[in-house]
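S.K.: quick one: sequence plus predicted model below, questions after.
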Amino acid sequence: MKRIVAILGGVALPLMAGSIFAFAQAPGAAPVRQAPPARQPMGFFVTSVGLGKGGDLGGLAGADAHCQELAAAAGSTKTWHAYLSTQARPGQPAVNARDRIGSGPWYNSKGGIISADQNELHGDTLEAAQQHNGLWKLSILNEKGEMIRGEAENGNVHDILTGSTTDGRAFADIADHTCNNWTSSTTGAVRVGHSDRIGGGNSSWNSSEEVAACSQQAFAQAHGAGLFYCFAVN
């Protein structure tokens, strides 16, 4: 094996090639700076603006396109889906919001962890439900890194469209919870979550209360702006 001699403090020290030693930094030498850990790429956000047509989002395809456009403007190259459920209709099976968003982990627009996986996100087990996920007022941000105005703030828009139950699934009853599967601004109703997790009786980010109409005006009166959650699926 090749013999190497290192000089440390005027003393020759034999080393063996391939050996790794950590030496004290010589006095006066410039400090060795380690690069900060890379920030995790954004995998979740609330839309900074709605589509302006109440519950008519152009269906799931229109909502996904809005997520994709806002994410691309923020520099993301990932594939994005809206966190929205649709209800069963003749010839059309229900779609669960949770089935549209991949498996995680997801990080917000500032690199903060939102949830490691579906179990943590929806509290599928008792342990996960007790520990909660990372979705709170300070972490539920739009794609620009801004917080959503909430309860007790001027311009409260904490109602976030989901059409979903707390476990991220479509409603199975005959009532309309999705503004006719995101195609209507004139009839129907919609289930919303609260981005600040305040109000509605259950502090749910994805299924807090029902808004009884689907127009943009009705949303505003109920503390909403037609915003919805977007998740990266890859």
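M.R.: Structure's in. What do you need? Numbering: from 1, shown residues only.
S.K.: can you show me the CA trace of the longest strand along the chain as CSV?
M.R.: Looking across the chain with DSSP state E, the single longest strand is strand 224-232. Taking C-alpha atoms only, strand 224-232 is exported to CSV below (Å, rounded to 0.1, in the frame of the first residue of the first chain):
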residue,chain,number,x,y,z
GLY,A,224,-64.4,32.8,0.6
ALA,A,225,-62.9,33.8,-2.7
GLY,A,226,-63.2,30.5,-4.6
LEU,A,227,-59.7,29.4,-3.6
PHE,A,228,-58.7,25.8,-3.5
TYR,A,229,-55.7,23.6,-2.5
CYS,A,230,-53.2,22.3,-5.1
PHE,A,231,-50.8,19.3,-4.6
ALA,A,232,-47.9,18.1,-6.6
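S.K.: show me where the chain has helices.
M.R.: 59-73, 118-122, 126-131, 179-182, 216-221 (DSSP state H).
S.K.: returning to that earlier point: which neighbouring elements make contact with the longest strand of the chain?
M.R.: Helices and strands touching strand 224-232, by 3 or more CB pairs under 8 Å, 6 or more residues apart in numbering; DSSP states H and E, are strand 44-46, helix 59-73, strand 80-82, strand 159-161, helix 216-221. Quick note: C-beta positions are derived from backbone N, CA and C, even for glycine.
S.K.: closest to residue 233 out of those?
M.R.: Across the helices and strands packed on strand 224-232, residue 233 has its closest neighbour in strand 80-82 (5.4 Å, CB to CB).
S.K.: give me the distance from that closest one to the chain's centre.
M.R.: 10 Å (CA atoms, centre = their mean, to the nearest Å).
S.K.: ok, now stretch 100-111?
M.R.: 5 Å.
S.K.: same question for stretch 79-99.
M.R.: The mean C-alpha position of stretch 79-99 is separated from the chain mean by 18 Å, CA atoms, centre = their mean.
S.K.: so what pLDDT did the residue nearest in space to the middle of the chain get?
M.R.: In the chain, the centroid-proximal residue (CA atoms, centre = their mean) is residue 44; its distance is 2.6 Å. At residue 44, the model reports a pLDDT of 98.
S.K.: the closest residue to it other than its chain neighbours: neighbour count?
M.R.: The spatial neighbour of residue 44 that comes closest, neighbours along the chain excluded (CB to CB, 6 or more residues apart in numbering), is residue 106 at 4.3 Å. Residue 106: 25 surrounding residues under other CB atoms under 10 Å.
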